[in-house]
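Visitor: only the shape, not the letters, is given here:
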């Protein structure tokens with residue numbers, strides 16, 4: 001089943017819903033970082049949530065999600081943006097990619113234990129103006145519940161969020177998610193109906209493993225509601241790193257640190273946290289950055 005995001009509104013029933021298949025996206029994230037099973041489930045849920053939220057971007061350039069906790073993963077981050085041509089590009093990483101835990105009492109990945117207690121950071125960067133950042137305490141560490149709590153507390157949008165990653169001995173089998181949000185002026189019955197529908201359905205990964213594509217996933221959550229303004233987007237791994245951006249980051253270390261690095265190593269290696277691309281800089285290139293700093 002190809003990765004895709006489908007969104008629609010059910011105005012008569014008072015909600016909008018976005019569904020995504022992200023199996024290949026999560027597989028690629030796992031491959032690039034060598035993630036453990038628990039880290040794969042955690043980063044996979046977070047990057048799926050970012051992709052779902054990124055699909056609704058308008059004047060927002062990109063959305064970044066970061067979970068920072070006292071669990072063994074320490075920090076997991078994901079980012080999504082519209083890259084043009086009807087596509088959402090997303091990327092993610094875990095600070096401690098090999099951290100792993102046994103399955104929990106329910107026989108599922110112990111994402112909450114791997115994350116621990118901490119905070120969820122949401123940042124929206126715009127084409128113009130300052131970024132907006134919101135920080136809320138983690139509600140459960142299960143990612144989906146944390147995103148729903150953030151949307152309600154920080155954006156006053158009652159939402160139902162379902163995210164999942166199904167993995168076996170040979171890697172990721174299925175990944176995807178759904179975000180259903182109550183529209184402005186909808187009554188409380190819309191929220192209750194969404195929550196009831198979510199409880200009645202099998203896990204999203206079960207639906208995906210059984211053959212559901214993004215449209216079928218969306219329709220399963222929408223039930224009998226009449227869907228309008230249906231929109232389909234491709235979704236895949238994409239990183240914003242460039243050599244120029246890495247040079248800017250190095251320049252931010254300051255002239256003294258750059259001189260020290262140039263003296264101690266004939267070549268300096270910088271690796272992108274998100275995609276693991278490696279950029280090499282000779283001592284002469286670092287010296288050139290020092291010269292540019294002096295001119296600035």
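Guide: That came in fine, so what should we check first? Note that the structure is predicted; figures quoted are calculated from it, not measured.
Visitor: between the two ends of stretch 257-276, how far is it?
Guide: Distance across stretch 257-276, first residue to last, is 23 Å (CA to CA, to the nearest Å).
Visitor: which residues in the protein form helices?
Guide: Taking DSSP state H to define them, one finds helices in the chain at 23-33, 37-54, 111-115, 144-155, 188-200, 204-209, 214-222, 243-251, 255-264, 283-295.
Visitor: looking at the ones you listed, which is buried most?
Guide: With neighbours defined as mean count of other CB atoms under 10 Å, the helices of the chain peak in mean count at helix 37-54, which reaches a mean of 28. Heads up, the C-betas are built off the backbone N, CA and C, glycines and all.
Visitor: and residue 266, what does it touch?
Guide: Going by CB atoms under 8 Å, 6 or more residues apart in numbering, residue 266 touches 282, 283.
Visitor: how distant is stretch 22-42 from the center of its chain?
Guide: 12 Å (CA atoms, centre = their mean, to the nearest Å).
Visitor: an error on my part: the question was meant for stretch 138-150.
Guide: Counting by CA atoms, centre = their mean, stretch 138-150 comes out at 13 Å from the chain centroid.
Visitor: just to revisit the earlier point, could I get the helices of the chain as JSON lines with distance to residue 64 and mean pLDDT?
Guide: JSON lines is the format used below for these (distance: least, CB to CB, whole Å; pLDDT from 0 to 100):
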{"stretch": "helix 23-33", "distance to residue 64": "15", "mean pLDDT": "97"}
{"stretch": "helix 37-54", "distance to residue 64": "7", "mean pLDDT": "97"}
{"stretch": "helix 111-115", "distance to residue 64": "17", "mean pLDDT": "97"}
{"stretch": "helix 144-155", "distance to residue 64": "13", "mean pLDDT": "94"}
{"stretch": "helix 188-200", "distance to residue 64": "26", "mean pLDDT": "81"}
{"stretch": "helix 204-209", "distance to residue 64": "23", "mean pLDDT": "95"}
{"stretch": "helix 214-222", "distance to residue 64": "23", "mean pLDDT": "93"}
{"stretch": "helix 243-251", "distance to residue 64": "15", "mean pLDDT": "91"}
{"stretch": "helix 255-264", "distance to residue 64": "26", "mean pLDDT": "90"}
{"stretch": "helix 283-295", "distance to residue 64": "27", "mean pLDDT": "83"}
